[in-house]
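Participant: next come a sequence and a model predicted from it.
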Amino acid sequence: RGQRQMGIRDRETTDLKAVIHRSAREYADRPAVSILRGKTMQTHTYSQLGLDVEALGSELFHRGVQGQKVALLGENSYEWIVVMFAVMNGMNVLVPVDKELSVEGMRHVLVDSGATVLFCSPKYAARLPEMCEGTGVQTTCRLDTELDQWISAGNALLAGGYRAFSEKAIDVEETTAIFY
């Protein structure tokens, strides 16, 4: 995940996307997220968070994920936070799936919400086929093995001048999350 400048125009902090960009610029090297993995504390800076959100958002946009319901299933993690911000800042609707639900309950959330994309942690990956059966989920992404690939693809798009996600204005009147 190389170093690059965020190609965002300065604007007032009126929406979540602007908050992420402003924080990445003003608090670049300060810790934004610290997560305990095993016995090791991993810390991610505001700059890294902003870059990862922009890269994932760009990859989602490039894949045509715009104005869709995007489900997210997993434990608290840095990856969960990146997905949340990228989805909500891309004019999609985040659908967090309660990890304590049964497979049937999870399937109900996916069907009822109309989710077309599902991000999930490795703990739930074995359940994906059963969970997604009969739903509208067309694309899945594992947070442990595939998310970095999506972020790398987004970084490549950005390096090539892709700015569709970066320049997409946020409609603050639109729904950005549905909680069950």
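Facilitator: Received the coordinates, thanks.
Participant: now do the longest helix seen in the chain: which elements does it pack against?
Facilitator: Determined from DSSP state H, the single longest helix within the chain is helix 46-62. With contacts defined as 3 or more CB pairs under 8 Å, 6 or more residues apart in numbering; DSSP states H and E, the packing partners of helix 46-62 are helix 16-26, strand 31-37, helix 78-89, helix 147-159, helix 164-167. Every C-beta, even on glycine, is put in place using the N, C-alpha and C of the backbone.
Participant: out of those, which comes closest to G67?
Facilitator: Smallest distance to G67 across the helices and strands packed on helix 46-62 (CB to CB): 11.3 Å, for helix 78-89.
Participant: rounded mean pLDDT for the helix or strand that that closest one is followed by, please.
Facilitator: Scanning forward in sequence from helix 78-89 by DSSP states H and E, the next helix or strand is strand 93-96. In this model, strand 93-96 has an average pLDDT of 98.
Participant: any idea how far W150 is from the closest residue to E79 other than its chain neighbours?
Facilitator: Distance criterion CB to CB, 6 or more residues apart in numbering; nearest residue to E79, sequence neighbours excluded, is L143 at 4.2 Å. Look at L143 and W150: by CB to CB, to the nearest Å, they are 10 Å apart.
Participant: same check, this time on I35
Facilitator: Distance, I35 to W150, by CB to CB: 19 Å.
Participant: re the thing from before, L143 and W150: who's more crowded?
Facilitator: More crowded of L143 and W150, by other CB atoms under 10 Å: L143, with 24 against 21.
Participant: per-residue pLDDT of the more buried one, please?
Facilitator: 96.
Participant: wouldn't it be in contact with P122 here?
Facilitator: Yes. Applying CB atoms under 8 Å, one finds L143 in contact with P122, separated by 7.1 Å.
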